[in-house]
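Asker: Give me a 3D structure for the following:
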Amino acid sequence: YALMSSFRTLLCSLLILFFVMYFFGVFFCQAAAEFRWEDMETQHSEGLEEFFGDLPRTFLSLFMSITSGVSWQLCFLPLMELGWVYGALFIAYIVLCLFGVMNV
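Answerer: Numbering: from 1, shown residues only. Down below sits the predicted model:
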C-alpha cells in the first residue's frame with residue numbers, strides 16, 4: 001500500500017516538473033531562434049546552438065542542468081548573449097526546479 005500511494009505522488013511531481021521544463025524550454029528555444037534569425041550575419045557562440053538549437057535539445061539541456069548532467073553555468077552563459085532577462089529567468093528556473101519541484 002505504501003508503494004502505491006508514494007507512486008501517485010511521484011507521478012504528480014514528475015508531471016509538474018515536465019510542465020515547468022516545457023514552459024521554460026519553449027521560452028528559451030523561441031528566444032534563441034529569434035536571436036539567430038534577427039542577427040544572421042554575426043557569429044554566435046556554439047553554446048547557443050548546442051544547448052538551445054531546437055526544442056528537444058533545449059529540453060535535454062534544462063533537464064541536465066538540474067540533475068548535474070552538465071553545469072548549469074554552461075547553459076547560462078549562452079543565454080546571457082540574448083540579454084540579462086533570459087539569464088535571470090534561467091536562474092529562476094533552476095531555483096524553482098531545485099527548491100520547489102524536486103524538494104517535495
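Asker: While we're on the spatially most central residue of the chain, how confident is the model there?
Answerer: Among the residues of the chain, residue 62 comes closest to the average C-alpha position under CA atoms, centre = their mean, at 3.0 Å. pLDDT, residue 62: 93.
Asker: what's the answer for residue 45, then?
Answerer: 68.
Asker: ok, now residue 16?
Answerer: In this model, residue 16 is scored at 89, pLDDT.
Asker: any idea how far it is from residue 22?
Answerer: 11 Å (CB to CB, to the nearest Å). (Glycine included, C-beta is placed from N, CA and C.)
Asker: For the worst-scoring helix or strand of the chain on mean pLDDT, which helices and strands make contact with it?
Answerer: Per-element confidence for the chain was summarised using mean pLDDT, DSSP states H and E. The lowest value among helices and strands belongs to helix 46-52, with a mean of 83. Applying 3 or more CB pairs under 8 Å, 6 or more residues apart in numbering; DSSP states H and E, one finds that helix 46-52 contacts helix 2-38, helix 55-66, helix 72-82.
Asker: now the angle between helix 2-38 and the last one, please.
Answerer: Think helix 72-82. Between the axes of helix 72-82 and helix 2-38, defined by axes from the mean of the first three to the mean of the last three CA atoms, to 10 degrees, the angle is 40 degrees.
Asker: So which bits of helix 72-82 are buried?
Answerer: Neighbour-count burial for helix 72-82, with 16 or more other CB atoms under 10 Å as criterion, is recorded at 72, 75-79, 82.
Asker: can I get those residues in TSV with distance to residue 47 and pLDDT?
Answerer: Putting the buried residues of helix 72-82 into TSV (distance: CB to CB, whole Å; pLDDT from 0 to 100) gives the following:
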residue	distance to residue 47	pLDDT
72	12	87
75	8	89
76	10	91
77	6	89
78	4	89
79	9	90
82	11	87
